[in-house]
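Peer 1: Give me the fold of what follows.
(one chain, ligands or ions: 1)
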Amino acid sequence: MLAYLKQVAASWIDFPLRPGLIVRKKYRIEHFLGIGSYGLTYVGKELATGKEFVLKQAKPSKGSKARLLLAREADILQMLDLAQIPKLTEVFEWRKKPFLVMDYIRGQTVEDLIFLEGRTFSETDCLKLMLELTRLVEMIHNQGIVHLDLRIPNVLMKEGKLHVIDFGLARKIGEEPEPEPKGLDAAAAAEHRLRRTPQPASDLYALGHFLLFLLYSAYETPQEEEEADWQTELQLAPDLKGALRRLLQIDQPYSGATEFRSELIELLRVRSAL
Ligand SMILES: Nc1ncnc2c1ncn2[C@@H]1O[C@H](COP(=O)(O)OP(=O)(O)OP(=O)(O)O)[C@@H](O)[C@H]1O
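Peer 2: Residues are numbered from 1 along each chain as shown. The predicted structure is shown next:
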């Protein structure tokens, strides 16, 4: 009962700002983009210029943790200066609520391309997209940051170019990892460490799963067969399978994004796709 009451209270205090509301005499809320674990996200139009931005607000029900994560995200975005990543415009407090403002990337997520539009990617398409994404990830790492949440909903395609968003879990390379959430079994705890340790290897592990989503987009699920693991189902050429096994840390992991990018170039070259 207590849990239920807490949930009802949270949904009241986390109620999104309504469209049309003017924030800080500067932005008009255009529409609500979504609610994440620690934030509420909107598209807002700057009144003076008519330019659209993304406004992210710390989720009130998550208190100081949400404020801390929003401040950390702003700090990380400020450190990054890359064309395919939203730039931080400002941070402010309005009606005791902290906000950050960043570029609005008006595109489609890779998740929507696959699951809503039914887009399929050939092996060469997958490798080319991975090359573009890995180049971007390499530049992020070179600026001392790891994203730690490189998933298909956090990669957008805009005018044929990939963009990475949602730096809510990003950290500086080498920082102390977040404490593991309580109650994870051994397998979930191991997975958590693979994804969330502030080291480039965590982003490469996530790139392995990202590549699997791309490859599966063109996979026809057989009607009768039992679900098998990707190594059986996808029937990949040995070189591509080997690369995936290294990304997923089944075999010797790559030393970093630079080494994996060289491998991608080689995979494309032997397929005469470069
Ligand atoms: N800079 C941006 N440009 C365009 N869309 C964005 C941008 N930032 C976030 N979004 C979109 O806003 C929505 C909410 O994003 P947000 O990162 O706040 O939470 P989430 O990804 O839904 O949740 P969580 O981070 O907890 O997994 C998502 O649909 C995301 O695609």
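
Peer 1: Let's see stretch 100-108 as PDB, backbone CA atoms only.
Peer 2: What follows is stretch 100-108, C-alpha atoms only, in PDB (Å, rounded to 0.1, in the frame of the first residue of the first chain):
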ATOM      1  CA  LEU A 100      19.600  22.300 -18.600                       C
ATOM      2  CA  VAL A 101      19.200  23.500 -22.100                       C
ATOM      3  CA  MET A 102      20.900  21.800 -25.100                       C
ATOM      4  CA  ASP A 103      20.600  21.600 -28.900                       C
ATOM      5  CA  TYR A 104      17.500  19.800 -30.200                       C
ATOM      6  CA  ILE A 105      18.500  17.100 -32.600                       C
ATOM      7  CA  ARG A 106      15.400  16.700 -34.700                       C
ATOM      8  CA  GLY A 107      16.000  13.200 -36.000                       C
ATOM      9  CA  GLN A 108      14.800   9.600 -35.600                       C
END
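
Peer 1: Mind listing what's buried along the lengthiest helix in the chain?
Peer 2: The residue-count maximum for a helix in the chain (DSSP state H) belongs to helix 123-142. The neighbour-count check on helix 123-142 (16 or more other Cβ atoms under 10 Å) flags 123, 125-141 as buried. To be clear about C-beta, it is placed using only N, CA and C from the backbone, and glycine gets the same treatment.

Peer 1: Ok, stretch 65-85 next?
Peer 2: 66-67, 69-70, 72-74, 76-77, 80, 84-85.

Peer 1: Straight-line length of stretch 220-230, end to end?
Peer 2: Criterion Cα to Cα, to the nearest Å; first-to-last residue distance in stretch 220-230 is 13 Å.

Peer 1: Please compute how far that stretch lies from its chain's middle.
Peer 2: Offset of stretch 220-230 from its chain centre (Cα atoms, centre = their mean, to the nearest Å): 28 Å.

Peer 1: Going forward, count from 449.
Peer 2: Renumbered: residue one is now 449, and that last one reads stretch 668-678.

Peer 1: I'd like the mean pLDDT over it, please.
Peer 2: Mean pLDDT, stretch 668-678: 78.

Peer 1: what sits up against it?
Peer 2: Contact partners of stretch 668-678, identified using Cβ atoms under 8 Å, 6 or more residues apart in numbering, comprise 660, 663-664, 681, 692.

Peer 1: Rebuild the buried residues of stretch 513-533 as JSON lines, extending it with distance to Glu565 and secondary structure.
Peer 2: JSON lines is the format used below for the buried residues of stretch 513-533 (distance: Cβ to Cβ, whole Å; DSSP: H, G, I helix; E, B strand; the rest coil):
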{"residue": "Ala514", "distance to Glu565": "33", "secondary structure": "helix"}
{"residue": "Arg515", "distance to Glu565": "37", "secondary structure": "helix"}
{"residue": "Leu517", "distance to Glu565": "31", "secondary structure": "helix"}
{"residue": "Leu518", "distance to Glu565": "32", "secondary structure": "helix"}
{"residue": "Arg520", "distance to Glu565": "33", "secondary structure": "helix"}
{"residue": "Glu521", "distance to Glu565": "29", "secondary structure": "helix"}
{"residue": "Ala522", "distance to Glu565": "32", "secondary structure": "helix"}
{"residue": "Ile524", "distance to Glu565": "30", "secondary structure": "helix"}
{"residue": "Leu525", "distance to Glu565": "29", "secondary structure": "helix"}
{"residue": "Leu528", "distance to Glu565": "29", "secondary structure": "coil"}
{"residue": "Gln532", "distance to Glu565": "21", "secondary structure": "coil"}
{"residue": "Ile533", "distance to Glu565": "24", "secondary structure": "coil"}
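
Peer 1: At the geometric centre of the chain, which residue sits there?
Peer 2: Asn602 (3.2 Å; Cα atoms, centre = their mean).

Peer 1: quick one: contacts for Val502?
Peer 2: Shown here is Val502, whose contacts under the criterion Cβ under 8 Å, 6+ apart are 481, 489-492, 534, 549-553.
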